[in-house]
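Chemist: structure for the following, please:
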Amino acid sequence: MLKLYNEQSGKLEPFEPLGDVATIYVCGITPYDTTHVGHAFTYLSFDVLIRYWEYLGYQVRYVQNVTDIDDDILRRSKQVGEDWRALGNRWTRHFIQDMRQLNVRPPDVFPRATDVISEIQEAVQTLIDKGFAYVADGSVYYDVASNPDFGVISGLPKEQWLPTANERGNIPGDPLKRDPLDFVLWQAQKPGEPAWESPWGMGRPGWHIECSTMAKAYLGEVIDVHGGGGDLAFPHHECEAAQSCGVTDQDQFARFWVHTAMVRYQGEKMSKSLGNLVWVHDLLQDHPADVVRILLSSHPYYETWEYDAEELIAAEDLEQRLLRAATAKGGEGRVLDVQATTATFEAAMDDNLNTREALAQLGHLADCIVAAAGEGHSVDQAQAALRKLATVLGLRLDGGLEPRVIEGWDAHYRRFE
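Modeler: The predicted structure follows:
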C-alpha cells in the first residue's frame, strides 16, 4: 500500500482516498516570470503522485490554481509597464508550454484566483460572522488568537511563527492588525491597484483565502491531499487550514499535507528573489524532456538537493538505455519474466514515492530486455511492462506526448490568451 509523509502528523501514513475519487489541490504559480527548475521539481513530483494513483486504479480529480492577483504581479506590472492581467496571462502561457513539453498531466481544473471573487467574499463574511475575522478600515483580517489549533499543520515552534511569516510576506507593522500574526483576508484598495466591490469597500482578496476558496469550490470541504513547495507549509498552508475549517466547521481541510523539498543552486535555495535560477525552457532546448524528467525524478520529492548540470550526463545515459530497450528486437525464445522487477518498482513507489529507486528498477529492466533480446528471447511483454512503468514517471520513451497532455494543456492555454 502507498504510504505518504504527512506534514501534519510528521510520519508516513497509508494512503487511501476518502471517497471514490482521489482529490488533490496543489498551489500553483504566481505568474510574473518564467518557470525554473524548482517549480518543475514541485509540479513533476505531484505529477508522479497522480500518475501512480492512476496506476493503482484510482480516479483522480486534480486542481492547480493560478495566483493571478498578487503583490508580486502588481509590482512587476508597474516595473515593466504592462497591464497586470496581460502580464499574468503571458507568463501563465509560458508555464503551460513548459509543462506540456515535460509531459506533465494537466490539472482537471486550472482556475485563476479572480475566477472566484464572489466565493471569496462569501467565505470572508462567514469568518466574520463566526468571530474568526474582523473588519478594520476597509480591510478584513483573520484573528489568529481565535483559533487554538493554529500551528498544527506545519508543527513549527511558536517562537518561529512571526519571523518565518515575516520572511514570507507578512507585514507585522500593519497598524490595523490586532496581532502581528493576523493575516489579511480582504485588502482595502490602494491607489492605482485593481479592486472589486465588497461589503467592506473596494479591495482585493488576500493570498491565503484565494487557495482555500478554490480548493473548496472545485474539490469540496475536505480533500485528500494538499500539496506545494516546502516553503508554503508556514504560513500559507497553516493559514489555509485555519480559515478553511473556520468556514466549513470540518475538523480538517486536507487529510494529507505533502510538501516538496528545496532545490538549491550555487549553495542557496533556487528562487526568483535570489536570482540563482536555471530555466526549464533552457534545459528543454538542449535536452529531451525525458532527460529532464529523469534528472528531477532521481531526487525523491522529500529530499533537498543541489542542482548540478553534471547529473544530466547520467540522466542522458539512462534515457538511452531505456530507448534501446523499448525498441529492441527479440526472438521466439523464452519470455522474459518481469514480475520481480515490477514488484520492486511498486515497493519503491509505495515507500513515499521513492523515485530514485523506481528509476533504478527501470534501468535494471531495460538492461535485462536488451540482454534477453540479444539472446533471442521474447521481450514483447517485458517492453510493454517497461512502458507502463515508465509512464508512472511520465517518461515518453519516444512515444510522443500523451493525447491528454496535449488536449488538456491546450484547453487551459486558450483561457489565458
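
Chemist: three-state assignment of Pro172?
Modeler: coil (DSSP: H, G, I helix; E, B strand; the rest coil).

Chemist: got a list of what it touches?
Modeler: Counting by Cβ atoms under 8 Å, 6 or more residues apart in numbering, Pro172 touches 162, 165-166, 180-181. The way it works is simple: take the backbone N, C-alpha and C, and place the C-beta from them, glycine included.

Chemist: Gly155 too?
Modeler: So Gly155 contacts 7-8, 10 (Cβ under 8 Å, 6+ apart).

Chemist: now it: how far from Leu353?
Modeler: 21 Å (Cβ to Cβ, to the nearest Å).

Chemist: do Lys269 as well
Modeler: From Lys269 to Leu353 the distance is 22 Å (Cβ to Cβ).

Chemist: okay, those two: which has more neighbours?
Modeler: For Lys269 versus Leu353, the count of surrounding residues by other Cβ atoms under 10 Å is larger for Leu353: 25 against 15.

Chemist: farthest-separated two in the contacts of Pro172?
Modeler: Farthest-apart pair in those is Asn166 and Leu181; separation 9.6 Å (Cβ to Cβ).

Chemist: out of those two, which sits in the more crowded spot?
Modeler: Leu181 (20 against 15).

Chemist: where does the more buried one fall, phi/psi-wise?
Modeler: Backbone torsions of Leu181, given as degrees, to the nearest 10, read phi -80, psi -20.

Chemist: does it really touch Gln160, like I thought?
Modeler: No - at 11.5 Å, Leu181 and Gln160 do not qualify as touching, with contact defined as Cβ atoms under 8 Å.

Chemist: for the closest residue to Trp257 other than its chain neighbours, give me the pLDDT.
Modeler: Excluding its sequence neighbours, the residue lying closest to Trp257 (Cβ to Cβ, 6 or more residues apart in numbering) is Glu7, at 3.9 Å. Note for Glu7: predicted pLDDT of 98.

Chemist: okay, now Glu7: neighbour count?
Modeler: 21.

Chemist: next one: Val338
Modeler: Neighbours around Val338, by other Cβ under 10 Å: 21.

Chemist: residues contacting the residue lying closest to it once chain neighbours are set aside?
Modeler: Among residues not flanking Val338 along the chain, Ala385 sits closest, at 4.5 Å (Cβ to Cβ, 6+ apart). Shown in contact with Ala385 (Cβ under 8 Å, 6+ apart): 338, 341-342, 365.

Chemist: tell me which of these is nearest to Asp249?
Modeler: Among those, Thr342 lies closest to Asp249 (Cβ to Cβ), at 44.6 Å.

Chemist: so who does the closest one touch?
Modeler: 385, 389.

Chemist: domains of this structure: list them as residue ranges, please.
Modeler: 3-278, 311-400 (automatic domain parsing).

Chemist: pull up the distance across the first one, start to finish.
Modeler: Read that as domain 3-278. From its first residue to its last, domain 3-278 covers 32 Å (Cα to Cα, to the nearest Å).

Chemist: then stretch 194-211?
Modeler: 19 Å.

Chemist: re the thing from before, now the residue nearest to Val338, what are its backbone angles?
Modeler: Torsion angles, degrees, to the nearest 10, at Ala385: phi -70, psi -40.

Chemist: now Leu393
Modeler: phi -90, psi 10.

Chemist: would you check that it makes contact with Ala360?
Modeler: No - using Cβ under 8 Å, Leu393 makes no contact with Ala360, being 11.6 Å away.

Chemist: which one of those two has more residues nearby?
Modeler: A direct count of neighbours by other Cβ under 10 Å for Leu393 and Ala360 places Leu393 higher, at 23 against 16.

Chemist: residues in contact with that one?
Modeler: 48, 51, 293-294, 297, 355, 358-359, 362.
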